[in-house]
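Trainee: Only the shape, not the letters, is given here:
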């Protein structure tokens, strides 16, 4: 990702890029959005990896049933989202 952003910066600084300047800026914004999204997903996954064993433990299940239900709901939504995303990426890769 960093290599692609560096390439975009080089393209922006080129005097020959004036004709496609808008396309370069759009591509740069998309790459930044993708990079930010991936970084946030990684942060979320780290937090989930920390919390999942806690919420799965029997001590927690007995003492905090409401929080356990909330975690399970968020966990289910996250897994569904990631499965759909993975499926969409596979379809996109197939047609690219």
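Mentor: Right, received. Where do you want to start? As the structure is a computational prediction, the values presented were derived from the model and not from experiment.
Trainee: Residue 79 is in contact with residue 48, correct?
Mentor: No - using Cβ atoms under 8 Å, residue 48 is not in contact with residue 79, being 9.9 Å away. Using the backbone N, CA and C atoms, a C-beta is placed for each residue, glycine as well.
Trainee: okay, the two: which has more neighbours?
Mentor: Between residue 48 and residue 79, residue 48 has the larger neighbour count (other Cβ atoms under 10 Å), namely 15 against 11.
Trainee: quick one: contacts for that one?
Mentor: For residue 48, the contact set (Cβ atoms under 8 Å, 6 or more residues apart in numbering) comprises 75, 78.
Trainee: And the one 4 residues further on, by the same measure?
Mentor: Contacts were defined as Cβ under 8 Å, 6+ apart; by that measure residue 52 touches residue 75.
Trainee: Would you mind listing the buried residues in whatever helix or strand it lives in?
Mentor: Under the criterion of DSSP states H and E, residue 52 resides in helix 21-56. By 16 or more other Cβ atoms under 10 Å, the buried positions in helix 21-56 come out as 24, 27, 28, 31, 55.
Trainee: Tell me if I'm right that the fourth one and residue 1 touch.
Mentor: Yes - taking Cβ under 8 Å as the contact criterion, residue 31 and residue 1 are neighbours in contact, 6.7 Å apart.
Trainee: Name the surrounding residues that touch stretch 60-76.
Mentor: Contacts for stretch 60-76 (Cβ under 8 Å, 6+ apart): 48, 51, 52, 54, 55.
Trainee: separation between the first one and residue 40?
Mentor: I take that to be residue 48. For residue 48, the distance to residue 40 equals 12 Å [Cβ to Cβ, to the nearest Å].
Trainee: same deal with the second one?
Mentor: From residue 51 across to residue 40, the span is 16 Å (Cβ to Cβ).
Trainee: Please identify which helix or strand holds the closest residue to residue 44 other than its chain neighbours.
Mentor: What sits nearest to residue 44 in space, not counting adjacent residues and going by Cβ to Cβ, 6 or more residues apart in numbering, is residue 78, at 7.7 Å. According to DSSP H and E, residue 78 maps onto helix 65-95.
Trainee: Between helix 21-56 and that helix, find me the angle.
Mentor: 140 degrees (axes from the mean of the first three to the mean of the last three Cα atoms, to 10 degrees).
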